[in-house]
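Engineer: only geometry, no sequence info:
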């Protein structure tokens, strides 16, 4: 039996009411808040059948507004970084906010993760949220209409991203959930295993801007094509890991983008929970929460710290508006942005 509910989750600093949406299909259940369309909680059965909340989140709306980290949020208009906060499109240069060192990150000062989304539909297994981003917001061209659908289907949570614009514009949407398959608040994830379906990645500079090349992972600590404990090579003396303080890199997902295909797999031997991520998008940012500072307070009294979670952000490549060799993240006027990412859970002995 599927059920859905909604309840107040506070009021923003600007006086906008925020709601907490709950979906439950009898196998999985999740909470989504309309602030940032953020996935606040996701309960998955472990090998004993006990529900485990596998995503990090905050107890109050104030924390979502005041803390960085984008916990569970839908980020845009452009997820990840744009070098120098600048790009050229159709012969015109656009200037964006610089909010991550010298670069633009996750849509700017008040990107989609800081907006209150509208609930368009809520059923037992499905929540549809929408957002209108006006022309010029955060420096981006065009009025962009966005819809994000969260849907539970047996042991899978799918996220369907849709958008259209009246002008050509960069568009790159992702979900920034932090996963811990032993349960949020359970400590480091270094013993949990990861596998990435990616034979190459995009090396980046010290500010996480790709150099523009696509390099094979073979023979490096970036090679996660076989199940590997997250902590196995994270401290290796390898420049990319040193610059990122761990894994914080865009991987090129194997296979043609636009088709739904495997991107990542993860497993906890302790809980028995396994996660497979499928996507239609070309890239995946594997991030080991390196900059989640020690002592950060989370839900239910949890205390978070670096490497207490990992992110699997499906995406177009970072800085792709400035990198002509990368898949284009330009949404042309009148065309439709339409991508799906699925988080498929199972248990293993």
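Structural biologist: Looks like it came in fine. Worth saying up front: this structure is predicted, and the values here are computed from it rather than measured.
Engineer: could you use CA atoms for every contact and neighbour count after this?
Structural biologist: Fine.
Engineer: who touches the worst-scoring helix or strand of the chain on mean pLDDT?
Structural biologist: Taking mean pLDDT, DSSP states H and E as the measure, strand 296-297 is the helix or strand of the chain with the lowest mean score, a mean of 93. Applying CA atoms under 8 Å, 6 or more residues apart in numbering, the external contacts of strand 296-297 come out as 58, 303, 304, 305.
Engineer: mind doing that once more with 6 Å?
Structural biologist: 303, 304 (CA atoms under 6 Å, 6 or more residues apart in numbering).
Engineer: what packs against the helix or strand just after it?
Structural biologist: Downstream of strand 296-297, the first helix or strand assigned by DSSP states H and E is strand 303-304. Secondary-structure packing of strand 303-304 (3 or more CA pairs under 6 Å, 6 or more residues apart in numbering; DSSP states H and E): strand 296-297.
Engineer: partners of the strand it packs on in the sheet?
Structural biologist: Strand 296-297 has the following sheet partners, assigned by DSSP bridges: strand 303-304 (antiparallel).
Engineer: for the partner strand, what is the distance to the chain centroid?
Structural biologist: 19 Å (CA atoms, centre = their mean, to the nearest Å).
Engineer: do the same with stretch 21-36
Structural biologist: In terms of CA atoms, centre = their mean, the centre of stretch 21-36 is set 16 Å apart from its chain centre.
Engineer: so which residues make contact with that stretch?
Structural biologist: Taking CA under 6 Å, 6+ apart as the rule, stretch 21-36 contacts 1-6, 18-20, 38-44, 73-74, 112-117, 124-125.
Engineer: buried ones among these?
Structural biologist: Buried members of those, counted by 16 or more other CA atoms under 10 Å: 2, 4, 18-20, 38-44, 73-74, 112-117, 124-125.
Engineer: just for the stretch 51-200 of the chain, where's the confidence low?
Structural biologist: Within the stretch 51-200 of the chain, no stretch falls below the threshold (pLDDT under 70).
Engineer: on the three-state scheme, residue 62 is what?
Structural biologist: Secondary structure, DSSP: H, G, I helix; E, B strand; the rest coil: residue 62 is helix.
Engineer: which parts of the strand ranked longest in the chain are buried?
Structural biologist: In the chain, ranked by residue count with DSSP state E as the criterion, the top strand is strand 336-347. For strand 336-347, burial by neighbour count (16+ other CA under 10 Å) applies to 337, 339, 340, 341, 342, 343, 344, 345, 346, 347.
Engineer: nearest to residue 50, out of the residues you listed: which one, please.
Structural biologist: Of all the buried residues of strand 336-347, residue 50 sits closest to residue 347, with 11.3 Å by CA to CA.
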